[in-house]
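Visitor: I need the structure of the sequence given here:
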Amino acid sequence: MPVNNKKIIQNTDDDVAVLQAIEAMPEPDRSIGEKLHAIITANALGLMPRTWYGMPAYSNGNKVICFFRSRQKFGERFMTIGFNDAAKLDEGSLWPICYALTELNESEENRLASLVKKAVS
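Guide: Numbers count the residues shown, from 1 in each chain. Just a heads-up that it's a prediction; the model follows:
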């Protein structure tokens, strides 16, 4: 029983850390990050939020499946969402695992929701 309580506390701490990392992002990345967090948590119920190199990430308990980072992290002109090798996105012998974002509209939200679902399928 104590192990489960500890895990629940850890997950709560990780949830808070992810939300704090998003809150620390400058606009427009903060708004995009809030949407990304909602898309990921709604479409990959088994993934657990955590921070990874100070940025929001989502893990299956062992490995980070997907993550995103603010453009300020490395002084880039766009923010990125990426998928690690544990994501089940394989398609032939060449497929994208990282995407640049400058804004997020409904079409892109739907595309990302599909990618997240596929990544954990």
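Visitor: Of all the helices and strands in the chain, which has the lowest average confidence?
Guide: helix 2-23 (a mean of 68; mean pLDDT, DSSP states H and E).
Visitor: what's the following helix or strand after that helix?
Guide: Reading on from helix 2-23 to the C-terminus, the next helix or strand found by DSSP states H and E is helix 29-43.
Visitor: what sits against Arg66?
Guide: Not Arg; residue 66 is Cys. When contacts are counted by C-beta atoms under 8 Å, 6 or more residues apart in numbering, Cys66 touches 40, 44, 47, 57-58, 81-84, 87, 116, 119. Any C-beta I mention is one placed from the backbone N, CA and C, and that applies to glycine too.
Visitor: Specify the beta-bridge partners of the residue positioned nearest the centre of the chain.
Guide: By C-alpha atoms, centre = their mean, the chain has its centre lying nearest to Phe67, at 3.5 Å. Judged by DSSP bridges, the bridge partners of Phe67 are Ala57, Gly82.
Visitor: Wait, it touches Ile81, no?
Guide: Yes. Counting by C-beta atoms under 8 Å, Phe67 does reach Ile81; the two are 7.3 Å apart.
Visitor: Would you list the buried entries among the contacts of Cys66?
Guide: 40, 44, 47, 57-58, 81-84, 87, 116, 119 (16 or more other C-beta atoms under 10 Å).
Visitor: So, low pLDDT: which residues of this protein?
Guide: Within the chain, the stretches with pLDDT under 70 are 1-11.
Visitor: Compile the contacts of Cys66 into JSON lines and extend it with columns for distance to Glu23.
Guide: JSON lines is the format used below for the contacts of Cys66 (distance: C-beta to C-beta, whole Å):
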{"residue": "Ile40", "distance to Glu23": "16"}
{"residue": "Ala44", "distance to Glu23": "22"}
{"residue": "Leu47", "distance to Glu23": "20"}
{"residue": "Ala57", "distance to Glu23": "16"}
{"residue": "Tyr58", "distance to Glu23": "17"}
{"residue": "Ile81", "distance to Glu23": "18"}
{"residue": "Gly82", "distance to Glu23": "21"}
{"residue": "Phe83", "distance to Glu23": "24"}
{"residue": "Asn84", "distance to Glu23": "24"}
{"residue": "Ala87", "distance to Glu23": "26"}
{"residue": "Val116", "distance to Glu23": "22"}
{"residue": "Ala119", "distance to Glu23": "25"}
